[in-house]
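Asks: just need the structure, nothing else, for what follows:
(one chain, ligands or ions: 2)
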Amino acid sequence: MSQFANLINGEWLQGASVNKNLNPSDLSDVIGEYAQADAAQTEIAIAAAHAAFPAWSVGSIQARADALDKIGTEILARREELGALLSREEGKTLPEGIGEATRAGNIFKFFAAEALRIRGDKLASVRPGMDVEITREPLGVIGIIAPWNFPLAIPAWKIAPALAYGNTVVFKPAELVPGSGWAIAEIISRSGIPAGVFNLVMGRGSVVGQRFIDDRRVAGISFTGSVATGNHVAQGAIARMAKFQLEMGGKNPMVVLNDADLDVAVTAAVQGAFFSTGQRCTASSRLIVEKGIYPRFIEAAREQLAKVRVGHALQKETHIGPVVDQSQLDQDMSYVAIGRDEGAKLVSGGERISRETDGFFMAPALFADAHNDMRISREEIFGPVAAVIPADNYEHALQLANDTEFGLSSGICTTSLKYATHFKRHAQAGMVMVNTATAGVDYHVPFGGRKGSSYGAREQGTYAAEFYTTVKTSYTQA
Ligand SMILES: NC(=O)C1=CN([C@@H]2O[C@H](COP(=O)(O)OP(=O)(O)OC[C@H]3O[C@@H](n4cnc5c(N)ncnc54)[C@H](OP(=O)(O)O)[C@@H]3O)[C@@H](O)[C@H]2O)C=CC1
Ligand SMILES: O=C(O)CCC(=O)C(=O)O
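Replies: Ligands and ions are numbered 1, 2, ... in the order given. Model prediction:
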């Protein structure tokens with residue numbers, strides 16, 4: 001059995017215990033045993049990142065750019081192998097896994113270039129003879145707490161800007177997907193970045209993540225995951241005035257108007273709701289459909305779902321892989337039961353499926369005739385379960401779309417420029433999609449939401465500088 005250690009201060013260290021990484025498509029496939037840090041080992045990693053900060057933060061930006069570019073180049077060169085590892089441990093299909101590896105490589109290359117473009121500002125002073133300049137400086141040690149659903153891309157879009165802007169990093173991947181996190185760390189360890197600047201600390205969230213929250217040497221925490229854990233991170237960070245950003249849930253609406261192209265709408269809905277097994281915070285879990293197109297939409301969605309093959313993530317013919325683990329599967333199945341009890345009509349799927357291998361396979365569940373006040377329409381399920389909600393007209397659809405405590409992504413399918421333009425302006429979400437799925441985003445533009453979905457500065461693109469740097473205003477009297 002392969003064993004994988006933590007990377008702390010440039011050394012590979014065994015943990016206090018190990019975590020077996022299982023393939024959700026085939027539970028007999030153990031990917032490896034991964035180190036689990038305890039609180040003491042986590043403190044050693046934080047101390048190393050803290051000690052490495054002074055030199056790294058004022059070091060050559062060319063060296064930072066070269067290292068990040070090298071990491072991106074290697075990820076891109078190995079995208080098929082890394083994508084296959086990701087699919088094996090998380091369960092998204094091979095094309096999805098390779099696509100995510102490509103995205104991760106591109107993110108490192110984007111931030112390699114950003115390291116050379118750290119911007120400031122120079123303004124005339126209101127006082128004669130005074131010089132005023134505004135500069136951006138790194139925060140210090142950044143604690144990165146990542147979820148399991150994007151094990152390469154999300155760590156990439158947190159680690160790359162943290163390093164580009166001169167911070168040092170302690171990174172905790174989710175327990176369910178240590179393989180991808182370890183692979184990134186191994187590539188970083190050969191990139192020329194000095195010991196201690198980047199540290200991989202695999203282990204439980206309640207142990208490792210908690211140390212990041214509690215330790216005053218961790219200046220900023222970047223978190224993606226559930227609303228409950230996000231709240232916990234926020235309270236701990238506020239208690240000691242640490243900077244933090246949270247990316248949490250979604251209950252993303254996809255509005256389909258009577259004038260929509262039916263094929264475009266159904267494809268966007270099925271892909272947005274069910275691909276990547278619906279395990280995306282941007283998933284289109286509420287399909288809000290105007291009454292004039294409603295019966296045709298349901299029929300066409302049912303027909304498209306009948307052609308979708310759920311199976312082993314690494315098999316060529318698979319469109320949708322397994323659910324990530326037993327507890328997520330239990331959660332998904334419990335919401336299918338809740339939807340039925342609430343009176344929504346299950347028009348497709350919703351049952352556990354057997355395949356040749358022992359995995360967590362589930363037929364995507366499509367509910368029709370749902371209401372926006374049902375639990376299946378309000379709570380994030382994070383699996384292949386979507387609800388179709390009828391709407392009387394555009395205004396009603398918009399009102400339903402915004403009637404949620406979340407605000408990550410919001411979509412509309414229409415051929416009307418008037419409605420598309422109005423929706424872009426009035427959707428209460430951080431991201432708006434027209435005639436395309438609510439999930440699936442570019443890597444070089446801001447990512448994040450409003451209301452209960454996100455807190456703090458946006459991630460990705462040049463906007464990432466907002467979180468990973470702090471602004472200084474300097475005055476010089478001539
Ligand atoms: N918006 C999104 O992108 C995501 C949303 N989710 C939502 O969260 C639900 C549960 O998923 P789950 O993975 O359990 O999400 P969590 O919020 O529990 O996990 C996210 C990350 O936080 C860590 N963590 C857990 N507890 C603590 C803690 N006390 N202090 C610091 N860090 C902690 C986890 O570590 P570890 O898991 O290693 O213990 C993981 O790395 C899903 O069903 C879904 O609804 C989940 C993933 C992504
Ligand atoms: O939809 C995407 O491409 C990104 C989704 C995401 O980041 C998430 O689910 O956490």
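
Asks: which other helices and strands does the top strand by length along the chain contact?
Replies: Looking across the chain with DSSP state E, the single longest strand is strand 26-36. Counting by 3 or more CB pairs under 8 Å, 6 or more residues apart in numbering; DSSP states H and E, the packing neighbours recorded for strand 26-36 are strand 3-4, strand 17-23, helix 79-90, helix 178-189. The C-beta positions use only the backbone N, C-alpha and C, and glycine is treated the same way.

Asks: which bits of the stretch 301-450 of the chain sit near ligand 2?
Replies: Ala439, Gly440, Val441 (CB under 6 Å from any ligand atom).

Asks: by neighbours, which of the residues you listed wins?
Replies: For these, neighbours were counted by other CB atoms under 10 Å; the highest total belongs to Ala439, with 26 neighbours.

Asks: ok, that residue - contacts?
Replies: Asn252, Gln271, Gly272, Phe275, Ser276, Arg280, Thr282, Ala283, Ser284, Ser409 (CB atoms under 8 Å, 6 or more residues apart in numbering).

Asks: just the strands from the stretch 101-250 of the chain, written as ranges.
Replies: 121-124, 130-138, 141-145, 168-172, 198-200, 218-224, 243-247 (DSSP state E, counting those that start in this stretch).

Asks: and the fifth one, how far from the chain's centre?
Replies: So that's strand 198-200. Distance of strand 198-200 from the chain centroid (CA atoms, centre = their mean, to the nearest Å) equals 20 Å.

Asks: circling back to that earlier point, give the buried residues for the longest strand of the chain.
Replies: By neighbour count on 16 or more other CB atoms under 10 Å, the buried set for strand 26-36 is Asp26, Asp29, Ile31, Gly32, Glu33, Tyr34, Ala35, Gln36.

Asks: hey, what's the angle from it to helix 79-90? Just curious.
Replies: Strand 26-36 runs at 100 degrees relative to helix 79-90, counting by axes from the mean of the first three to the mean of the last three CA atoms, to 10 degrees.

Asks: and Gln3, what's its pLDDT?
Replies: On the pLDDT scale, Gln3 is placed at 89.

Asks: the nearest residue to it once chain neighbours are set aside: what's it in contact with?
Replies: Among residues not flanking Gln3 along the chain, Glu33 sits closest, at 5.0 Å (CB to CB, 6 or more residues apart in numbering). Neighbour list for Glu33: Met1, Ser2, Gln3, Phe4, Val18, Asn19, Lys20, Asn21 [criterion: CB under 8 Å, 6+ apart].

Asks: for Glu33, list each beta-bridge partner.
Replies: Gln3, Lys20 (DSSP bridges).

Asks: number of residues surrounding Pro24?
Replies: So Pro24, with other CB under 10 Å, has 27 neighbours.

Asks: how close does it sit to ligand 2?
Replies: 17 Å (CB to the nearest ligand atom, to the nearest Å).

Asks: thought that residue was touching Phe360?
Replies: Yes - between Pro24 and Phe360 there is a contact under CB atoms under 8 Å: 5.1 Å.

Asks: mind listing the shared neighbours of those two?
Replies: Common contacts of Pro24 and Phe360 (CB under 8 Å, 6+ apart): Gly91, Pro322, Val323, Val324, Asp325.

Asks: please verify my assumption that the last one contacts Phe360.
Replies: Put plainly, it is Asp325. Yes - counting by CB under 8 Å, Asp325 sits close enough to Phe360 to count as a contact (6.5 Å).

Asks: quick one, which of these two is more surrounded?
Replies: Phe360 (23 against 18).

Asks: among the helices and strands packed on strand 26-36, which gets the worst mean confidence?
Replies: Among the helices and strands packed on strand 26-36, strand 3-4 carries the lowest mean pLDDT (a mean of 94).

Asks: show me what that one is packed up against.
Replies: Packing contacts for strand 3-4, counted by 3+ CB pairs under 8 Å, 6+ apart, involve strand 26-36, helix 178-189.

Asks: quick one: work out the angle between the last one and strand 168-172.
Replies: Orientation note: helix 178-189 sits at an angle of 160 degrees relative to strand 168-172 (the same axes, to 10 degrees).

Asks: list the buried residues in helix 178-189.
Replies: So for helix 178-189, counting by 16+ other CB under 10 Å, buried means Pro178, Gly179, Ser180, Gly181, Trp182, Ala183, Ile184, Ala185, Ile187, Ile188, Ser189.

Asks: what of stretch 120-140?
Replies: By neighbour count on 16+ other CB under 10 Å, the buried set for stretch 120-140 is Arg136, Glu137, Pro138, Leu139, Gly140.

Asks: put the alpha carbons of it into PDB.
Replies: C-alpha atoms of stretch 120-140 as PDB (Å, rounded to 0.1, in the frame of the first residue of the first chain):
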ATOM      1  CA  GLY A 120      -0.200  50.200  -6.400                       C
ATOM      2  CA  ASP A 121      -1.400  53.700  -6.800                       C
ATOM      3  CA  LYS A 122       0.000  57.100  -6.600                       C
ATOM      4  CA  LEU A 123      -2.200  60.100  -6.000                       C
ATOM      5  CA  ALA A 124      -1.500  63.800  -5.700                       C
ATOM      6  CA  SER A 125      -1.700  64.900  -2.100                       C
ATOM      7  CA  VAL A 126      -4.000  67.600  -0.800                       C
ATOM      8  CA  ARG A 127      -1.000  69.000   1.100                       C
ATOM      9  CA  PRO A 128       1.800  70.800  -0.900                       C
ATOM     10  CA  GLY A 129       5.100  68.900  -1.000                       C
ATOM     11  CA  MET A 130       3.500  65.700   0.300                       C
ATOM     12  CA  ASP A 131       3.900  62.500  -1.700                       C
ATOM     13  CA  VAL A 132       1.200  59.800  -1.300                       C
ATOM     14  CA  GLU A 133       1.500  56.300  -2.500                       C
ATOM     15  CA  ILE A 134      -0.700  53.200  -2.000                       C
ATOM     16  CA  THR A 135       0.900  49.800  -2.000                       C
ATOM     17  CA  ARG A 136      -0.200  46.200  -1.500                       C
ATOM     18  CA  GLU A 137       1.600  43.900   0.900                       C
ATOM     19  CA  PRO A 138       1.100  40.200   1.600                       C
ATOM     20  CA  LEU A 139      -0.800  39.300   4.800                       C
ATOM     21  CA  GLY A 140       1.500  36.600   6.300                       C
END
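
Asks: before we move on, back to that, which two in the buried residues of stretch 120-140 are spaced the farthest apart?
Replies: Greatest spatial distance among those (CB to CB): Arg136 and Gly140, at 13.6 Å.

Asks: break down the stretch 351-478 of the chain into its helices, ranges please.
Replies: Using DSSP state H, counting those that start in this stretch, the helices of the stretch 351-478 of the chain run over residues 375-378, 394-402, 417-426, 465-468.

Asks: out of the ones you listed, which one sits most buried?
Replies: helix 465-468 (a mean of 22; mean count of other CB atoms under 10 Å).

Asks: what about that one, distance to the chain center?
Replies: Counting by CA atoms, centre = their mean, helix 465-468 is centred 17 Å from the centre of its parent chain.
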